[in-house]
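> Everything below, folded, please.
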Amino acid sequence: MWLGTQWGEPLFHELEQLSPDSILGLMGKFRADPSPAKVDLGVGVYRDLSGNTPVLSSVRRAEQEILAAQTTKSYVAAAGREEFNQAVEELVLGSAHSARRERRVRTVQAPGGCGALRLGAELIRAAAPAVTVHVSDPTWGNHTPLLGSSGLRLERYPYYDTAANGLRFEAMLERLNRAAEGDVVLIHACCHNPTGADLDPEQWQALLQLLKRRRLVPLLDLAYQGFAADLDADAAGLRLITEQVPESLVAISYSKNLGLYRERVGALIAIGESPARADAMLSHVLQIARGMYSMPPDHGAAVAAYIFGNPALKREWIEELDRMRTRIIDMRTLLAHELGRAAGAGSFDFIRAQRGMFSLLGVSPEVVERLRDKHHIYMTSDSRMNLAGIMPHNAEYVAQAVAAELPRSHSSARAAG
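Predicted coordinates for the structure are as follows:
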């Protein structure tokens, strides 16, 4: 330890130790738990039946072919690989999207979905620093720091009722109808995190009409394309919105559906009201990126672009994605069944109807704490569960532990309902 005094107080003397991020802290507690019965339902990564987050076969094959042909590690481009960006546009927006035909779409590779969200936030702030961004209640825990630390003002709109285990759609529309013209609405495109409760086609239509009437700008977060139904169905609401509003932003992640978590592969799609406006938006995004991270990482984007552009590899990837989605749906069904047996018929049937990797169990932080401390079952304090952590061998154990820790009145009400 340096003990010199001639410099006075050290620069960082006033900094206090911060608490770890809630998810990162949960990861640490899980790793330190020696119990062989421990179950991780907290961290939002896909796991196969062995508990591993696999490297997809399509990804492994693409990597081998890319590395065999690669001759340089020089920078690619500030916006990322052009073939990646074009493939992303087609995968997300579809081949017949009007904004693509009218050349109003600009896409930039980003360091993961988080990087895409932050680029979008900084672009919004550059255009209208006083604007408010409306986010769902609840929403993914990292939305607030990613968007809010850019300096933007955030407000919540009602989305999910944990007591009734369903959407608060009318309350959502009522609140957004009072938003100021030009405000931004953050919308989960599919597989809502943390609830797993998505809008149905009629609700997407109603939301579209409200956005158009109030002249609100959508910021769509697409982190789980392919995890609800299939690639096209999961983008249907997004395509509906972006076809009919003049301006929109789409933040995309390939962590889940390609398993490229550590490669940080994402993209921001910016749609302008005209080609000239889209060019202006792109110029600002590139300048923002230059000041944040300078140039994007390439390996993961190269892998994604190679798969998207190779028909055989793309078919293989889609088959792998189908198996991942099916496994999660199977675990939803199994867990709901076991919870029904342990806590009363119909107790947690809502889990079957939700989509994607997450569901809100709907219990208090105190119950979550008891599940962790007494039963070694780990989930976030809001009772968000990652269904990929449920296995055929642990579903009954989890269900019985949940039933044991539910307040008696809670269990009775569930069983009666």
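> residue ranges with poor pLDDT in the stretch 1-150 of the chain?
Applying pLDDT under 70 to the stretch 1-150 of the chain flags the ranges 1-8.
> and the gap between E396 and A312?
Separation of E396 from A312 (Cβ to Cβ, to the nearest Å): 41 Å. For glycine as for every other residue, the C-beta is placed from the backbone atoms N, C-alpha and C.
> I'd assumed L154 was in a strand, is it?
Yes: residue state for L154 (DSSP: H, G, I helix; E, B strand; the rest coil) corresponds to a strand.
> Report the contact partners of it.
Listed by Cβ atoms under 8 Å, 6 or more residues apart in numbering, the contact set of L154 reads T132, V133, H134, V135, T144, L147, G148.
> Buried residues in the longest helix belonging to the chain, which are they?
If you go by DSSP state H, the chain has its longest helix at helix 311-343. Across helix 311-343, burial judged by 16 or more other Cβ atoms under 10 Å covers 313-314, 316-318, 320-321, 324-325, 327-329, 331-332, 334-340, 342-343.
> Nearest residue to the residue most central in space within the chain in space, please, no chain neighbours.
Closest residue to the average C-alpha location of the chain: A223 at 4.1 Å, with Cα atoms, centre = their mean. Among residues not flanking A223 along the chain, S253 sits closest, at 4.2 Å (Cβ to Cβ, 6 or more residues apart in numbering).
> dump the residue contacts of the one you found.
G112, G113, C114, A116, L222, A223, V265, G266.
> Output the contacts of L154 in JSON lines, with neighbour count and distance to R100 appended to each entry.
JSON lines is the format used below for the contacts of L154 (neighbours: other Cβ atoms under 10 Å; distance: Cβ to Cβ, whole Å):
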{"residue": "T132", "neighbour count": "16", "distance to R100": "29"}
{"residue": "V133", "neighbour count": "23", "distance to R100": "26"}
{"residue": "H134", "neighbour count": "22", "distance to R100": "27"}
{"residue": "V135", "neighbour count": "24", "distance to R100": "28"}
{"residue": "T144", "neighbour count": "14", "distance to R100": "32"}
{"residue": "L147", "neighbour count": "25", "distance to R100": "27"}
{"residue": "G148", "neighbour count": "14", "distance to R100": "32"}
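> What about the residues you listed, which are in strands?
Secondary structure assignment by DSSP state E places T132, V133, H134, V135 of the contacts of L154 in strands.
> can you give me the strands for the protein?
Ranges of strands in the chain, per DSSP E, are 39-40, 105-111, 132-137, 153-158, 160-161, 166-167, 184-188, 217-222, 248-253, 265-271, 358-360, 377-378, 384-386.
> neighbours around the closest residue to D234 other than its chain neighbours, how many?
Distances taken as Cβ to Cβ, 6+ apart place C190 nearest to D234, at 4.2 Å, with adjacent residues excluded. Per other Cβ atoms under 10 Å, the neighbour tally for C190 reads 24.
> Quick check: can you list the domain ranges of the chain?
Following automatic domain parsing, the chain resolves into domains at 22-54+325-416, 58-309.
> and the nearest residue to Y159 once chain neighbours are set aside, how far is that from M172?
Excluding the flanking residues, the one nearest Y159 by Cβ to Cβ, 6+ apart is S136, at 3.8 Å. Counting by Cβ to Cβ, the gap from S136 to M172 is 8 Å.
> okay, and the common contacts of those two?
Y157, Y159.
> coming back round to it: mind putting the domains of the chain into CSV with distance to H13?
Formatted as CSV, the domains of the chain follow (distance: least, Cβ to Cβ, whole Å):
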stretch, distance to H13
domain 22-54+325-416, 25
domain 58-309, 24
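> For L11, which of those is the nearest?
Proximity to L11 (Cβ to Cβ) singles out domain 58-309 among the domains of the chain, at 21.9 Å.
> re the thing from before, what's across from the residue nearest to Y159 in the sheet?
Y157 (DSSP bridges).
> need the contact list for it.
Residues counted as contacts of S136 (Cβ under 8 Å, 6+ apart) are R156, Y157, Y159, Y160, M172, L186, I187, H188, H192.
> Now do the contacts for D161.
Contact analysis of D161 by Cβ under 8 Å, 6+ apart lists L167, R168.
> Kindly recompute the last result at 10 Å.
D161 makes contact with L167, R168, A171, T195, A197, G362, according to Cβ atoms under 10 Å, 6 or more residues apart in numbering.
> One more: E174?
Counting by Cβ under 10 Å, 6+ apart, E174 has contacts Y157, P158, R168, L210.
> quick one: which two of the contacts of L154 are the most distant?
Spatially, the most separated pair among those is T132 and T144, at 13.5 Å (Cβ to Cβ).
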